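S.K.: Have a look; sequence and predicted model below, questions after that.
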Amino acid sequence: MVTGGAGFIGSNFVLDWIAETGGTVLNLDKLTYAGNVGNLKSLQGDSRHIFVQGDIGDGELVRRLLAEHRPRAIVNFAAESHVDRSIHGPADFVQTNVVGTFSLLDETYRYWQGLKPEERERFRFLHVSTDEVYGSLGPEDPAFCETTPYAPNSPYAASKAASDHLVRAYHHTYGLPTVTTNCSNNYGPYQFPEKLIPLMILNALAGKPLPIYGDGLNVRDWLYVRDHCEGIRLALTKGRLGETYNIGGRSERSNIDVVRSVCRILDELRPRTGAGYASLISFVKDRPGHDRRYAINCGKIERELGWLAGKDFDAGLRETVEWYLANPEWVENVRSGNYQRWVELNYTTRESL
Ligand code: NAD
Ligand code: DAU
């Protein structure tokens, strides 16, 4: 069972899981503004994908789904995920990321207790979290490792930190077999254009300003989404219980460098008349509490589970720009808001996707 599987990383995970393992996925997603079942269009009519629209915080629904489908693992992607939105409206973040995760854990615990001994042994709850729980690094600080103390700075990061702590507590107190992953910034296909890379690609193509917060020198450690999905699959099958694994791309870049690279790729692939895309760059007021630098030390997952980031950032960024150029229908559905009507336009029942 996957939660939040219609979002950016969740939908990439579902597509990869079915392609790589041939297994069946029960996908529980509330379909907030960030959920887009159009991401899973290629699975239409495929009985290995069962979609249910619902909230991880709806205990009754989760109880019924667990009893009916009897999953052998739960991978929890469901969350409010955008830092800027958490600054303007933190309540939804507390509700889904903290209260929702708590409710999901509690229902999972009851379900797990009722399993046969060999099923209990095999069961896993994998919680997908972020490097933002560790706070901000100075220019010379060593990268975050699994023992770095938590110091979340935004309401988003604080809500994810709280959910990580609840997962930890359900393992230590009740023995629930959990694994947590903390990953750096993802990029790739199907990312909602509120996040830096797709926002810049789509604004540039529309001839709109490219808003860089502050001086543009904040640093993020970029990882191609499908490398993240592979790390999650490994942590799920081989991760040690109660452990956390950091996942990152060893690809630190300043925001301004990332945006200039996007502009260069677009200049080549879709040249515009007059000045190049970089002329659209516009420095704007900084994000409040903006973390300066993130960097992940992913030595533990590399050593213990044999994971390695496969995609080089420059190649991955180019492929990502190419993906947005090659998928104007997806872009238009997102831009027009039609993606939110996708279920009602394409399906008669929500559980038949
Ligand atoms: P996203 O915002 O694209 O997708 C979130 C999905 O969760 C959406 O489909 C949404 O409809 C669903 N959802 C939200 N509230 C829900 C609820 N109450 N019940 C059920 N479904 C709900 O997010 P994403 O970027 O794909 O991130 C997925 C997870 O990975 C999040 O937990 C996030 O914190 C974590 N993460 C993201 C990144 C990143 O760079 N995007 C990096 C590290 C960790
Ligand atoms: O580090 C992992 C986190 O990465 C995830 O946990 C979050 O879910 C995900 O949203 C992402 O958080 P960021 O805040 O780093 O991502 P975002 O794309 O919003 O911003 C990346 C950087 O770019 C950040 O320093 C802010 C800056 N930025 C962002 C936007 C949207 C701009 O300068 N201009 C913009 O318009």
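M.R.: Structure received. Ligands and ions are numbered 1, 2, ... in the order given.
S.K.: use CA for all of it now, contacts and neighbours both
M.R.: Fine.
S.K.: Now name the helix or strand holding the nearest residue to residue 17 once chain neighbours are set aside.
M.R.: Closest residue to residue 17 apart from its sequence neighbours, by CA to CA, 6 or more residues apart in numbering: residue 23 at 7.0 Å. For residue 23, there is no enclosing helix or strand under DSSP states H and E.
S.K.: how close does residue 23 sit to ligand 1?
M.R.: Between residue 23 and ligand 1 the computed distance is 20 Å (CA to the nearest ligand atom, to the nearest Å).
S.K.: and that residue, how many neighbours?
M.R.: By other CA atoms under 10 Å, 11 other residues sit near residue 23.
S.K.: do the one 4 residues further on as well
M.R.: Residue crowding around residue 27 was assessed by other CA under 10 Å; the count is 25.
S.K.: likewise residue 192?
M.R.: Around residue 192 there are 19 residues (other CA under 10 Å).
S.K.: How about the contacts made by it?
M.R.: 8, 34, 198, 334 (CA atoms under 8 Å, 6 or more residues apart in numbering).
S.K.: mind redoing it with 7 Å?
M.R.: By CA atoms under 7 Å, 6 or more residues apart in numbering, residue 192 lies in contact with 8, 34, 198.
S.K.: Using PyMOL, define a selection of the buried residues within these.
M.R.: Here the buried members of the contacts of residue 192 are turned into a PyMOL selection, burial being counted by 16 or more other CA atoms under 10 Å:
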select buried, resi 8+34+198
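S.K.: Any chance of JSON lines for the contacts of residue 192, columns secondary structure?
M.R.: Converted to JSON lines, the contacts of residue 192 look like this (DSSP: H, G, I helix; E, B strand; the rest coil):
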{"residue": "8", "secondary structure": "helix"}
{"residue": "34", "secondary structure": "coil"}
{"residue": "198", "secondary structure": "helix"}
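S.K.: List just the nearest of the contacts of residue 192 to residue 74.
M.R.: Closest approach to residue 74 among the contacts of residue 192 (CA to CA): residue 8, at 17.5 Å.
S.K.: quick one: stretch 328-338 to chain centroid distance?
M.R.: Stretch 328-338 sits 20 Å away from the centroid of its parent chain (CA atoms, centre = their mean, to the nearest Å).
S.K.: that older thread, next up, phi/psi of the residue nearest to residue 17, please.
M.R.: phi -80, psi 170 (degrees, to the nearest 10).
S.K.: State the pLDDT value of it.
M.R.: Residue 23 is assigned 95 on the pLDDT scale.
S.K.: Over to residue 348?
M.R.: 42.
S.K.: Also residue 342?
M.R.: pLDDT, residue 342: 70.
S.K.: show me the contacts for it.
M.R.: Per CA under 7 Å, 6+ apart, neighbours of residue 342: 37-38.
S.K.: May I ask which helix or strand encompasses it?
M.R.: Taking DSSP H and E as the definition, one finds residue 342 inside helix 342-346.
S.K.: re earlier: for the contacts of residue 192, which one is nearest residue 212?
M.R.: Closest to residue 212, out of all of the contacts of residue 192 and judged by CA to CA, is residue 198, at 13.5 Å.
S.K.: Helices of the stretch 101-250 of the chain, residue ranges please.
M.R.: Counting by DSSP state H, counting those that start in this stretch, the stretch 101-250 of the chain has these helices, from start to end: 101-113, 117-122, 155-174, 196-205, 225-238.
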